[in-house]
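**Student:** no sequence on this one, just coordinates:
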């Protein structure tokens, strides 16, 4: 690697870290201002229930650090697309102000030669972003930390959320008054069995249902206690309309506790790895698959769009006329906003108006030719 490459890379990395620190710091500061009272109440609750725990200002500070250390992983994912272009702008401004870019041009160095190290390092940071999502954020203990609220930092929160008319793979609707994710247990279960046209043909009611390996079984299923099966077909045998309760009943379904956990905490699916999202989509009912396929496809195209945004914006920053750099930066920002807004709108249409696969790759198909047309406009 030549000395010039090392110099450009060093400046770019410094500006990248500076931009990252500013954006992450601003996000944390604004969030902290809004939610500081929640941290205070959480620390007071811990001090009251666990006298041995840190309290007062020290306890609040520990809670804040514990919360935002993990939230920084998500913040990095959210801002990683804009930082390379922002850092490239800072780098070009600094090199232009110190007349370094002028000296490079005078010595016969092409502006493409200046841009190459920046693009290469940006690709490296894109790989880091992918590794952060797939290998770090997706860890179960990290997901548990990310799902905490501001006042739940040091409290073991067990949520027994109700389940309201969750659709099963066969169209049945499942309802329960409470779901314990730790015990994998549903309370007061009601299952409305339906035909393809939506009409009900039966009901299953049970005091509880636990996800476990049934006696003599080889595969886990919902084991229902004190279950009552009722036929609702018009032509059903009247003697079966009010059958007695069965002490034990197995209910086989692809609706696993893992999926119920995701329904109870909808943000959790955003933290899973692509492989986990794929496995979840394959086992989900058809009605729940489009949002999962959307997440999976966007994981592949989002890093590509980040690089395309840099390729489209960087020609505005590489100019032979230093006096036009500030004006060109405004053009760069405006163009980047258009690219981002277009991509965002198309991504939001995935799974609804557009097929998830098409919506994920459509921005790439649109802006790849744009990048190819803009890059030759650089005056070397």
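**Tutor:** Received, thanks. All values derive from a computational prediction rather than experimental measurement. Numbering: from 1, shown residues only.
**Student:** when you work out contacts or count neighbours from here on, use the C-alpha atoms and nothing else.
**Tutor:** Will do.
**Student:** which residues does the spatially most central residue of the chain contact?
**Tutor:** With the centre of the chain defined as its mean C-alpha position, the nearest residue by CA atoms, centre = their mean is residue 270, 3.1 Å away. Contact analysis of residue 270 by CA atoms under 8 Å, 6 or more residues apart in numbering lists residue 295.
**Student:** give the helix, strand or coil label for it.
**Tutor:** Three-state assignment for residue 270 (DSSP: H, G, I helix; E, B strand; the rest coil): helix.
**Student:** okay, and residue 93 sits in which element?
**Tutor:** Remark: residue 93 resides in helix 83-97, with elements defined by DSSP states H and E.
**Student:** please state the offset of that helix from the chain centre?
**Tutor:** Here helix 83-97 shows a centroid-to-chain-centroid distance of 29 Å under the convention CA atoms, centre = their mean, to the nearest Å.
**Student:** give me the buried positions along that helix.
**Tutor:** Buried residues in helix 83-97, defined by neighbour count with 16 or more other CA atoms under 10 Å: 83-93, 95-96.
**Student:** burial count for residue 182?
**Tutor:** Using other CA atoms under 10 Å, residue 182 is surrounded by 11 other residues.
**Student:** can you classify it by secondary structure?
**Tutor:** Remark: residue 182 carries the secondary structure label coil [criterion: three-state DSSP].
**Student:** which secondary structure elements does the lengthiest helix in the chain contact?
**Tutor:** The helix of greatest length in the chain, counted in residues with DSSP state H as the criterion, is given as helix 3-49. Applying 3 or more CA pairs under 8 Å, 6 or more residues apart in numbering; DSSP states H and E, we find helix 3-49 packed against helix 56-79, helix 83-97, helix 111-131.
**Student:** from residue 299, how far out is the residue nearest to the centre of the chain?
**Tutor:** 10 Å (CA to CA, to the nearest Å).
**Student:** and if you look at residue 328?
**Tutor:** 31 Å.
**Student:** okay, the two: which has more neighbours?
**Tutor:** Under the neighbour definition other CA under 10 Å, residue 328 and residue 299 were set side by side, and residue 328 has more, 20 against 17.
**Student:** spatially nearest residue to the more buried one, not counting backbone neighbours?
**Tutor:** The spatial neighbour of residue 328 that comes closest, neighbours along the chain excluded (CA to CA, 6 or more residues apart in numbering), is residue 316 at 5.2 Å.
**Student:** any stretches of this protein with poor pLDDT?
**Tutor:** For the chain, applying pLDDT under 70 flags the ranges 1, 42-56, 152-160, 234-244, 262-267, 283-285, 287, 379-380.
**Student:** could you chop it up by domain?
**Tutor:** Each domain of the chain is listed here as a residue range: 3-147+290-377, 161-263, per automatic domain parsing.
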